[in-house]
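Participant: Fold the following and give me the result.
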Amino acid sequence: MLRPIFKLIFRMMGWRIEGEPPTNLDKYVITVGPHTSNWDFVMGVMVRSITRMKVKYLAKQELFVFPFGWFFRALGGYPVNRTKNTNMVDNVVAIFEHHQRFAIAVTPEGTRKKVQKLKTGFYYIADKAKVPIVMAGLDYKNKCAIFSDPFFPQGDIESDLRKIIGFYSNVTGKIPAYGIGGNELVLPGKAQSQ
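Facilitator: Predicted coordinates for the structure are as follows:
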């Protein structure tokens, strides 16, 4: 319904799409970055609509109650319990196991602020659910949404995260100083999970 409007706005803003959106995959985790501004959500919703991707995003379940619950669901939100007594990775893996088609979008930084290391939950979700990771970049400098080829986690998180950081190293966020590709990022040890 909004797709033609989003396409028009996207074009009028001078944006384009590079790479193949993962519309042929039934299940995947898509990382979207660098996440530096609230505008990333707006751009992401437009790109998702334009490319016809059926992608959800995770949000705390408290957002999905009256009166705004319908709004967050309409935008692709999927409620999750984020209390300390739950294991987010296992909860999301269970969602993948109970659906024929399911995809979630996550920001590897987990925040719009500058970070010293990436969150790794998305990696462990993909690894345990045995689904590929697709990287999507919102490059404000070059006005393009970029998609990588899908890849499956190889079990070597440091090597895989280097690949992810490498993809984002040439993608400029809305606030360039908060990008992912900086050399100061600390790679987690193989046993660490966030």
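
Participant: In terms of pLDDT, where does Q192 sit?
Facilitator: As predicted, Q192 sits at a pLDDT of 44.

Participant: before we move on, what about V32?
Facilitator: 94.

Participant: my guess is it contacts E109, does it?
Facilitator: No: counting by CB atoms under 8 Å, E109 is not a contact partner of V32; they are 10.0 Å apart. Quick note: C-beta positions are derived from backbone N, CA and C, even for glycine.

Participant: who's in contact with the closest residue to K7 other than its chain neighbours?
Facilitator: Nearest in space to K7, with sequence neighbours left out and distances taken as CB to CB, 6 or more residues apart in numbering, is I50 at 5.4 Å. With contact taken as CB atoms under 8 Å, 6 or more residues apart in numbering, I50 is in contact with 3, 6-7, 10, 17.

Participant: before we move on, what about I164?
Facilitator: I164 neighbours (CB under 8 Å, 6+ apart): 31, 108, 118, 133, 135, 180.

Participant: got CSV for those residues, with secondary structure, neighbour count and distance to M46 too?
Facilitator: Converted to CSV, these look like this (DSSP: H, G, I helix; E, B strand; the rest coil; neighbours: other CB atoms under 10 Å; distance: CB to CB, whole Å):
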residue, secondary structure, neighbour count, distance to M46
T31, strand, 26, 18
P108, coil, 24, 20
L118, coil, 24, 25
I133, strand, 24, 22
M135, strand, 24, 18
I180, coil, 25, 21
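
Participant: And the furthest pair within those residues?
Facilitator: I133 and I180 (14.1 Å; CB to CB).

Participant: Looks to me like F96 is in a helix.
Facilitator: Yes: looking at F96 with DSSP: H, G, I helix; E, B strand; the rest coil, it is inside a helix.

Participant: Kindly tell me how buried Q61 is, as a neighbour count.
Facilitator: 15 (other CB atoms under 10 Å).

Participant: I misspoke; the intended subject was L138.
Facilitator: Neighbours of L138 using other CB under 10 Å come to 24.

Participant: tell me how far the helix or strand encompassing it is from the chain's mean position?
Facilitator: Using DSSP states H and E, L138 maps to strand 133-139. Relative to its parent chain, strand 133-139 has a centroid offset of 7 Å by CA atoms, centre = their mean, to the nearest Å.

Participant: got it, and stretch 145-160?
Facilitator: 13 Å.

Participant: list the buried ones in that stretch?
Facilitator: 145-148, 150, 153, 157, 160 (16 or more other CB atoms under 10 Å).
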